[in-house]
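Asker: Pasting the sequence and the predicted coordinates here, then a few questions.
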Amino acid sequence: MSVRRLAAEQPESFALTPENLAWAQKTVEKFPAGRQASAVIQILWRIQEQEGWVSEPAIRWVGEFLDMPYIRVLEVATFYTMFLLAPVGRKAHIQVCGTTPCMIAGAGELLKVCRSRIHAEPFHPSANGDLSWEEVECLGACVNAPMVQIVPDTYEDLTAESFGKIIDDIEAGRPLKPGPQTDRFNSMPIGGARVLTSPELYDGSMIGQGAGLAAARDAIAAREAAEAAKAAEAAAAAAAPSGDPAPAKEPVAPAVKVQAEADKEKVPNQVDQSQPASDPAVRPDAGKEQVAESGEKK
């Protein structure tokens with residue numbers, strides 16, 4: 001942020017016109033009791049509209065009018081760059097945007113015009129006192145760069161030539177045309193709109209005729225046809241004569257049972273699980289003689 005100081009030369013006093021004073025009193029009444037300081041920005045702006053800038057005596061007057069410390073009013077006036085703290089041109093103070101988009105698009109040429117036609121330095125009125133200028137940061141019209149602001153309007157899509165014509169019109173007292181200085185409308189593409197240009201989009205003739213609606217209708221018709229075919233098939237099946245049911249097939253033997261039968265053939269001495277293990281008849285060694293280590297048979 002740039003350093004903002006009050007001008008070295010100040011008027012001795014300040015007073016609002018009767019009309020502006022009545023307006024200021026009504027403005028303060030809009031706020032609750034004890035909150036009259038909320039009107040400080042509005043009143044400072046009305047002062048700038050009346051005087052062309054905000055002086056030190058005006059800041060003191062606002063402090064007394066709103067029952068605010070002077071330093072609080074000074075903080076507001078120096079914080080917001082829309083408040084001009086030094087005398088400017090009587091007819092116009094031109095603010096040239098110097099932020100990157102505008103600088104790339106040619107703001108440097110606009111600054112050259114200011115230096116050559118108004119004054120070599122910013123915040124210095126021209127020789128006749130009509131114009132002054134300054135370089136400011138983004139004024140919010142980057143798509144229409146480069147641009148300048150002459151409060152309260154902006155002038156966009158400028159060239160050195162079109163900017164020079166604006167200065168001529170100001171000095172001659174001719175009305176100005178705010179906004180783009182080309183055939184662009186607001187922030188639309190240069191040359192006019194390039195999309196959504198068909199009149200049928202806006203005259204109502206295409207309502208209910210979109211491609212999406214046609215696809216939806218086809219899908220609904222296909223679903224209804226499928227449902228009708230399915231219902232007809234079910235009705236035909238219900239109307240067919242009934243006969244003797246086919247005999248049931250024998251169940252296939254489980255694989256585990258088949259494997260168990262095969263294992264019995266491989267292991268003939270398998271213990272019969274249906275007999276208690278204590279029965280000597282089911283022991284695998286039944287009928288065999290036992291020989292002790294001494295050689296005697298048992």
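Answerer: Received the coordinates, thanks.
Asker: all contacts plus neighbour counts: C-alpha atoms, from now on.
Answerer: Noted.
Asker: Any regions of the stretch 151-298 of the chain where pLDDT drops low?
Answerer: 210-211, 242-256, 258-260, 262-298 (pLDDT under 70).
Asker: Show me the strands in it, by range?
Answerer: 153-156, 179-180 (DSSP state E, counting those that start in this stretch).
Asker: can I get those in CSV with mean neighbour count and distance to residue 173?
Answerer: Shown next, in CSV, are the strands of the stretch 151-298 of the chain (neighbours: other C-alpha atoms under 10 Å; distance: least, C-alpha to C-alpha, whole Å):
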stretch, mean neighbour count, distance to residue 173
strand 153-156, 20, 16
strand 179-180, 21, 18
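Asker: Dump the ones you listed into a markdown table; add distance to residue 212 as well.
Answerer: Putting the strands of the stretch 151-298 of the chain into a markdown table (distance: least, C-alpha to C-alpha, whole Å) gives the following:
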| stretch | distance to residue 212 |
| --- | --- |
| strand 153-156 | 41 |
| strand 179-180 | 39 |
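Asker: These: which one's closest to residue 232?
Answerer: Judged by C-alpha to C-alpha, the one of the strands of the stretch 151-298 of the chain that comes nearest to residue 232 is strand 179-180, at 69.2 Å.
Asker: Report the distance from that closest one to the chain centre.
Answerer: 25 Å (C-alpha atoms, centre = their mean, to the nearest Å).
Asker: care to break the protein down by domain?
Answerer: Domains of the chain are assigned by automatic domain parsing as 18-79, 92-180.
Asker: Identify whichever of those domains lies nearest to residue 190.
Answerer: Set against residue 190 and scored by C-alpha to C-alpha, the domains of the chain come closest in domain 92-180, at 9.5 Å.
Asker: So for residue 136, what's the nearest residue that isn't a sequence neighbour?
Answerer: residue 97 (5.1 Å; C-alpha to C-alpha, 6 or more residues apart in numbering).
Asker: sorry, back to before: looking at the strands of the stretch 151-298 of the chain, which is nearest to residue 29?
Answerer: Proximity to residue 29, assessed across these by C-alpha to C-alpha, is greatest for strand 153-156 (29.2 Å).
Asker: Report all helices and strands that that closest one contacts.
Answerer: When contacts are defined as 3 or more C-alpha pairs under 8 Å, 6 or more residues apart in numbering; DSSP states H and E, strand 153-156 packs onto strand 148-150, strand 179-180.
Asker: what does that strand contact?
Answerer: 141, 144-149, 177-181 (C-alpha atoms under 8 Å, 6 or more residues apart in numbering).
Asker: any idea which of the domains of the chain is most buried?
Answerer: domain 92-180 (a mean of 18; mean count of other C-alpha atoms under 10 Å).
Asker: coming back round to it: which of the contacts of strand 153-156 lies closest to residue 171?
Answerer: The nearest member of the contacts of strand 153-156 to residue 171, counting by C-alpha to C-alpha, is residue 177 at 14.6 Å.
Asker: what separates the closest one from residue 11, distance-wise?
Answerer: Separation of residue 177 from residue 11 (C-alpha to C-alpha, to the nearest Å) stands at 34 Å.
Asker: Surely residue 200 is in contact with residue 209?
Answerer: No. If you go by C-alpha atoms under 8 Å, residue 200 and residue 209 don't touch, sitting 10.9 Å apart.
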